[in-house]
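Trainee: Sequence plus predicted model, see below.
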Amino acid sequence: MTLNVVIEQEDDWFVAKVPALPGCVSQTHTREEALANVKEAIEGWLLVEQSKHQLADRVDIVAVAV
């Protein structure tokens with residue numbers, strides 16, 4: 001999977017954001033660390049989304065008339 005990462009420098013911080021994954025952000029003092037950290041953030045983000053879908057697969061919504 002290939003995702004775009006936007007890296008912005010804000011004062012002494014580098015902020016790495018993944019526009020395709022809402023809330024997937026990392027910040028640190030070097031560009032290299034920001035990239036390394038955002039890769040971990042992407043993995044974590046995807047794991048959380050995967051677990052949400054697994055939970056949804058175990059739920060059935062059934063309409064019952066009485």
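Mentor: Here it is on my side, so go on.
Trainee: Surely residue 17 touches residue 8?
Mentor: Yes - judged on CB atoms under 8 Å, residue 17 makes contact with residue 8 at a distance of 7.5 Å. Using the backbone N, CA and C atoms, a C-beta is placed for each residue, glycine as well.
Trainee: In terms of neighbours, single out the busier of these two.
Mentor: More crowded of residue 17 and residue 8, by other CB atoms under 10 Å: residue 17, with 20 against 11.
Trainee: residues touching that one, list them.
Mentor: 5-8, 24-25, 38 (CB atoms under 8 Å, 6 or more residues apart in numbering).
Trainee: Narrow those to those in strands?
Mentor: Per DSSP state E, strands hold the following members of the contacts of residue 17: 6-8, 25.
Trainee: can you list those in JSON lines and add distance to residue 43 and pLDDT?
Mentor: Output for the ones in strands among the contacts of residue 17, formatted as JSON lines (distance: CB to CB, whole Å; pLDDT from 0 to 100):
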{"residue": "6", "distance to residue 43": "18", "pLDDT": "96"}
{"residue": "7", "distance to residue 43": "18", "pLDDT": "96"}
{"residue": "8", "distance to residue 43": "22", "pLDDT": "96"}
{"residue": "25", "distance to residue 43": "14", "pLDDT": "95"}
